[in-house]
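J.: kindly generate the corresponding structure for this input.
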Amino acid sequence: MIKQAFLILISILATTRVAAQREVIDQVIANVGGEIVLLSELEEQYALLKERQGEKLPPDARCLVLDNLLTQSLLVNQAKLDSVAVTDEEVEAQLTARIDQILDYMGGDVSQFEDYYGQTVGEVKESFREDLKRQLLADRMRSQVQQSITVTPSEVKNFFKKIPRDSLPYFDSEVEVGEIVLKPKVNEEERAKAIAQLEDLREQIVSGKAEFSALAQKFSDDFASARIGGDLGWTKRGKFVPEFEAAAYKLEENEISPVVETEFGFHIIQLNGRRGNSINTRHILIKPDITDNDLEIAKAKLDSIRQLLIDKKISFSEAVKKYGYDQVQSYNNDGKMINPASGNNFFQIADLEPDVYFTIDTMKVGSYSQPWSYADPRGETYFRIVQLQSRTEPHVASLAKDYSKIQAATSEQKKAQFLADWTSQKVGSTYVHIDEYYQNCEALKKWVDKEIKP
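T.: Below you'll find the predicted structure:
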């Protein structure tokens with residue numbers, strides 16, 4: 001599962017990697033309003049699709065890819081006409097979040113990131129910035145177009161009835177899994193060491209004995225920012241965890257904060273600049289060491305919680321809220337783990353993390369696992385126990401068992417049809433020109449037949 005998630009995250013910027021390596025030879029193959037489609041875009045998307053689907057790639061794949069690129073260009077063009085806005089801050093936040101995710105899965109190894117993309121983090125940001133802005137504009141316009149779409153129970157039933165009996169999907173066994181996660185607490189001795197180290201670093205900077213950036217590069221445990229002197233760039237409110245943000249916004253320019261504690265460890269922060277509601281900061285992070293004894297204490301506590309559950313002295317939901325770590329996604333979902341592939345609470349076996357799969361494989365519904373440790377993408381150690389909450393048998397799709405899935409499929413089909421109708425309408429009143437090389441594509445018929453040059 002971790003490998004799958006890593007590959008999904010890597011693909012977020014896959015086209016950037018291709019773009020960074022391509023030769024500087026390009027041509028415009030289509031115009032939609034004021035937007036252009038480049039041959040390189042088509043080839044990059046086609047290469048990515050081919051990498052994912054291999055031999056399953058349809059013969060007219062390039063035409064289908066170009067159809068999608070034309071639709072995105074139409075959405076972007078209409079977004080600009082309708083004054084749909086995407087701010088530079090939004091783009092920067094998205095870029096930072098996506099790159100941070102990838103770095104997390106690379107264990108904070110910036111050199112691995114740079115080897116993979118052939119560019120520095122900053123260069124990847126710049127090369128992907130305009131593409132991401134277009135993507136966000138298209139997504140926002142698409143949401144506006146489709147925002148009124150709803151499906152009724154009768155539409156769901158009609159959708160299901162139209163599926164040929166011999167074409168009904170077969171669903172593998174699915175499970176619902178609840179978890180209680182405990183984060184080991186740092187003991188007072190290690191906590192004091194981390195604070196003392198940061199206070200010493202702060203004193204060196206304030207007294208002029210050392211530069212903030214040099215100490216960040218040498219000592220900070222935030223590997224992504226350490227190599228660039230602890231620089232966190234320009235951000236608006238809401239980017240950082242509350243404790244960090246509260247301390248950062250209180251600072252005067254060039255001032256260095258006292259030691260600040262967050263869920264990530266201990267920090268000192270320097271304010272480099274302020275621009276309206278945005279601030280530019282840098283920091284040094286020290287993570288206290290978690291000792292073997294700290295880990296044993298956490299495991300023993302979780303074992304005690306498990307016994308309370310078995311003895312029915314507390315409900316699972318109560319235990320999550322009373323003892324669980326509130327920064328994991330399941331905490332706000334009554335302890336239910338959320339499938340990142342579907343967004344719901346159901347997992348096919350292949351979707352589960354290996355350690356969860358092997359743990360629940362022989363469990364009965366309603367039972368609780370022994371506590372075990374695991375590492376998150378940042379390498380932090382946690383403990384969890386899981387409850388197998390439900391298990392379905394493999395079965396052919398039915399309305400009774402799979403209504404939510406069939407409802408989602410109905411909604412997606414209706415949205416796709418609505419967007420197709422909207423596209424056909426807009427094509428008739430928008431300048432469209434497609435290179436003659438692609439004009440015989442069946443998938444592009446609606447674009448070619450209505451090609452106009454006002």
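J.: helix, strand, or coil at residue 274?
T.: Three-state assignment for residue 274 (DSSP: H, G, I helix; E, B strand; the rest coil): strand.
J.: mind listing the helices for the stretch 251-400 of the chain?
T.: Using DSSP state H, counting those that start in this stretch, the helices of the stretch 251-400 of the chain run over residues 292-310, 316-323, 354-360, 399-427.
J.: elements contacting the first one?
T.: Contacts defined by 3 or more CB pairs under 8 Å, 6 or more residues apart in numbering; DSSP states H and E place helix 292-310 against strand 174-182, helix 316-323, strand 381-391. The way it works is simple: take the backbone N, C-alpha and C, and place the C-beta from them, glycine included.
J.: dump the ones you listed into a markdown table; add mean pLDDT, distance to residue 130 and mean neighbour count as well.
T.: Formatted as a markdown table, the helices and strands packed on helix 292-310 follow (pLDDT from 0 to 100; distance: least, CB to CB, whole Å; neighbours: other CB atoms under 10 Å):
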| stretch | mean pLDDT | distance to residue 130 | mean neighbour count |
| --- | --- | --- | --- |
| strand 174-182 | 95 | 39 | 23 |
| helix 316-323 | 96 | 43 | 17 |
| strand 381-391 | 95 | 39 | 19 |
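J.: of all these, which lies closest to residue 345?
T.: Closest to residue 345 of the helices and strands packed on helix 292-310 is strand 174-182 (CB to CB; 5.1 Å).
J.: other SSEs contacting that closest one?
T.: If you count contacts as 3+ CB pairs under 8 Å, 6+ apart, strand 174-182 packs onto helix 292-310, helix 316-323, strand 347-348, helix 354-360, strand 381-391.
J.: show me which residues of the longest one are buried.
T.: Neighbour-count burial for helix 292-310 flags 294, 298-299, 301-302, 305-306, 309 (criterion: 16 or more other CB atoms under 10 Å).
J.: rewinding a little: ok, which of the helices and strands packed on strand 174-182 comes nearest residue 73?
T.: That would be strand 347-348 among the helices and strands packed on strand 174-182, by CB to CB, at 36.0 Å.
J.: residues contacting the closest one, please?
T.: Contact with strand 347-348 is made by 171-177, 337, 339, as judged by CB atoms under 8 Å, 6 or more residues apart in numbering.
J.: want to throw the residues you listed into JSON lines with distance to residue 206?
T.: Compiled in JSON lines, these are given as follows (distance: CB to CB, whole Å):
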{"residue": "171", "distance to residue 206": "62"}
{"residue": "172", "distance to residue 206": "61"}
{"residue": "173", "distance to residue 206": "61"}
{"residue": "174", "distance to residue 206": "58"}
{"residue": "175", "distance to residue 206": "55"}
{"residue": "176", "distance to residue 206": "54"}
{"residue": "177", "distance to residue 206": "50"}
{"residue": "337", "distance to residue 206": "46"}
{"residue": "339", "distance to residue 206": "49"}
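J.: show me the contacts for residue 252.
T.: Per CB under 8 Å, 6+ apart, neighbours of residue 252: residue 271.
J.: can you report phi and psi for it?
T.: As for residue 252, its main-chain torsions (degrees, to the nearest 10) stand at phi -90, psi 160.
J.: would you turn the helices and strands packed on strand 174-182 into CSV with distance to residue 272?
T.: Shown next, in CSV, are these (distance: least, CB to CB, whole Å):
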stretch, distance to residue 272
helix 292-310, 35
helix 316-323, 40
strand 347-348, 44
helix 354-360, 42
strand 381-391, 33
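J.: nearest to residue 416, of those?
T.: strand 347-348 (24.1 Å).
J.: list the strands paired with that closest one, with their directions.
T.: Paired neighbours of strand 347-348 in the sheet (DSSP bridges): strand 174-182 (antiparallel).
J.: quick one, the partner strand and strand 381-391 angle?
T.: Orientation note: strand 174-182 sits at an angle of 150 degrees relative to strand 381-391 (axes from the mean of the first three to the mean of the last three CA atoms, to 10 degrees).
J.: just the CA trace of the following helix or strand past strand 174-182, in PDB.
T.: Next helix or strand after strand 174-182 toward the C-terminus (DSSP states H and E): helix 188-206. Listed next in PDB are the C-alpha coordinates belonging to helix 188-206 (Å, rounded to 0.1, in the frame of the first residue of the first chain):
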ATOM      1  CA  GLU A 188      11.100  15.000  30.400                       C
ATOM      2  CA  GLU A 189      14.900  14.400  30.100                       C
ATOM      3  CA  GLU A 190      14.800  14.300  26.200                       C
ATOM      4  CA  ARG A 191      12.300  17.200  26.100                       C
ATOM      5  CA  ALA A 192      14.700  19.300  28.300                       C
ATOM      6  CA  LYS A 193      17.600  18.400  26.000                       C
ATOM      7  CA  ALA A 194      15.800  19.600  22.900                       C
ATOM      8  CA  ILE A 195      14.800  22.900  24.500                       C
ATOM      9  CA  ALA A 196      18.300  23.500  25.800                       C
ATOM     10  CA  GLN A 197      19.800  22.800  22.400                       C
ATOM     11  CA  LEU A 198      17.400  25.300  20.700                       C
ATOM     12  CA  GLU A 199      18.000  27.900  23.400                       C
ATOM     13  CA  ASP A 200      21.700  27.600  22.800                       C
ATOM     14  CA  LEU A 201      21.300  27.900  19.000                       C
ATOM     15  CA  ARG A 202      19.100  31.000  19.500                       C
ATOM     16  CA  GLU A 203      21.700  32.600  21.800                       C
ATOM     17  CA  GLN A 204      24.400  32.000  19.100                       C
ATOM     18  CA  ILE A 205      22.300  33.800  16.500                       C
ATOM     19  CA  VAL A 206      21.200  36.700  18.700                       C
END
